[in-house]
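**Q** sequence-free structure coming up:
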Ligand code: HEC
């Protein structure tokens with residue numbers, strides 16, 4: 001009986017840990033809500049309001065529709081974006097890097113600040129967030145992998161999730177332990 005209880009305890013703990021780890025992995029990816037929030041907080045919505053330029057929702061819907069059509073982010077920008085920005089008289093970004101450097105300058109921010117937005121938007125195209133060309137400005141490119149969440153943007157939800165998961169694991173281990181004692 002004791003052995004059965006212990007096995008149940010170990011199994012439960014393992015299961016809960018696996019679930020917690022899986023949810024943490026999902027949480028560390030930028031979600032649509034986080035990207036949309038970053039887009040608004042950066043001030044991009046000053047132009048992306050449906051008048052000067054497309055709204056966030058319009059961009060997301062359009063890019064989802066173009067998913068799988070291009071194999072590189074630069075090809076995508078050249079074919080789908082360059083002309084549109086140029087026509088409106090806002091410059092002529094020819095690569096993914098140029099596009100986001102240009103857009104971040106409009107709001108007085110650094111290129112790094114748009115990472116969450118970039119990662120999310122790139123994921124819509126099914127290409128991947130890593131730009132294929134080196135940054136053509138002295139702006140330092142972060143050495144961290146694109147998947148690493150900038151602490152100030154995603155740290156809070158990540159830490160909260162980690163704490164919640166830890167508490168959940170503790171509670172369930174305690175219950176399993178109690179049950180195993182009772183059945184022993
Ligand atoms: C000064 C105005 C202005 C600001 C501020 C601005 N943009 Fe833009 N953006 C444009 C214009 C104009 C276009 C081209 C027209 C369009 O796509 O709606 C564009 C296009 C884009 C596109 C391509 C959209 C598509 O589907 O073709 C992306 C992505 C983008 N901007 C991201 C951003 C981000 C991120 C920010 C904030 C860091 C930002 N923009 C801030 C004017 C602006």
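**A** Perfect, I can see it now. The model shown is predicted, which means the values in this text are computed figures rather than measured ones.

**Q** so how far is residue 37 from the most centrally placed residue in the chain?
**A** Within the chain, one residue has its C-alpha closest to the average C-alpha position: by C-alpha atoms, centre = their mean, that is residue 30, at 1.7 Å. Residue 30 sits 10 Å away from residue 37, going by C-beta to C-beta, to the nearest Å. In short, each C-beta sits where N, CA and C put it, glycine included.

**Q** returning to that earlier point: assign the residue nearest to the centre of the chain to helix, strand or coil.
**A** At residue 30 the chain is in coil, as set by DSSP: H, G, I helix; E, B strand; the rest coil.

**Q** I'd assumed residue 116 was in contact with it.
**A** Yes. When contacts are counted by C-beta atoms under 8 Å, residue 30 is listed as touching residue 116 (4.5 Å).

**Q** Least confident secondary structure element in the protein?
**A** helix 2-27 (a mean of 73; mean pLDDT, DSSP states H and E).

**Q** What distance do you get for residue 12 to the ligand?
**A** 44 Å (C-beta to the nearest ligand atom, to the nearest Å).

**Q** I figured that residue was touching residue 173, is that so?
**A** Yes. Residue 12 lies in contact with residue 173 (C-beta under 8 Å); the separation is 7.2 Å.

**Q** which residues does the nearest residue to residue 6 once chain neighbours are set aside contact?
**A** Nearest residue to residue 6 in three dimensions, chain neighbours excluded: residue 180, at 6.1 Å (C-beta to C-beta, 6 or more residues apart in numbering). Going by C-beta atoms under 8 Å, 6 or more residues apart in numbering, residue 180 touches 2, 4-6, 8-9.
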